[in-house]
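[1] give me a model of this one.
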Amino acid sequence: MSLMSNMNGFQLCQKILQLGVNVGVGFMSALEVNIQALREVYRNVNFGCFIEKPVSIKYLIERLSAELD
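    As a prediction, the model looks like this:
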């Protein structure tokens, strides 16, 4: 498992969104995550695509394709 040392993925997402660029951000985690609790803490982050590992390649492609449509 690899964790970012200076910030977490949600902090990175916030920094990306502060740039004002029009990008979609997807989240993938090997850890158990309470999405509702995260929404309360990170109110300005869109959690449209959140994938928990383990995940099959087929499912990953389906989810990402759906988010891009």
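[2] where exactly do the strands run in the chain?
    Under the criterion DSSP state E, the chain contains strands at 27-29, 50-52.
[3] pipe the ones you listed into CSV and attach distance to residue 69 and mean pLDDT per row.
    Quick note: C-beta positions are derived from backbone N, CA and C, even for glycine. Output for these, formatted as CSV (distance: least, C-beta to C-beta, whole Å; pLDDT from 0 to 100):
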stretch, distance to residue 69, mean pLDDT
strand 27-29, 18, 83
strand 50-52, 16, 85
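[4] for residue 67, which of these is the nearest?
    Distance to residue 67, taken as C-beta to C-beta, is lowest for strand 50-52 among these, at 9.8 Å.
[5] which residue is nearest the centroid of this structure?
    By C-alpha atoms, centre = their mean, the mean C-alpha position of the chain lies nearest to residue 27, the distance being 1.9 Å.
[6] so which of the strands of the chain is nearest residue 36?
    strand 50-52 (11.4 Å).
[7] list the pairing partners of that closest one within its sheet, with orientation.
    Applying DSSP bridges to the sheet, strand 50-52 is found paired with strand 27-29 (parallel).
[8] how far off centre is the strand it pairs with?
    Relative to its chain's centre, strand 27-29 lies at 5 Å (C-alpha atoms, centre = their mean, to the nearest Å).
[9] next: stretch 12-28.
    Distance, centroid of stretch 12-28 to centroid of chain: 9 Å (C-alpha atoms, centre = their mean).
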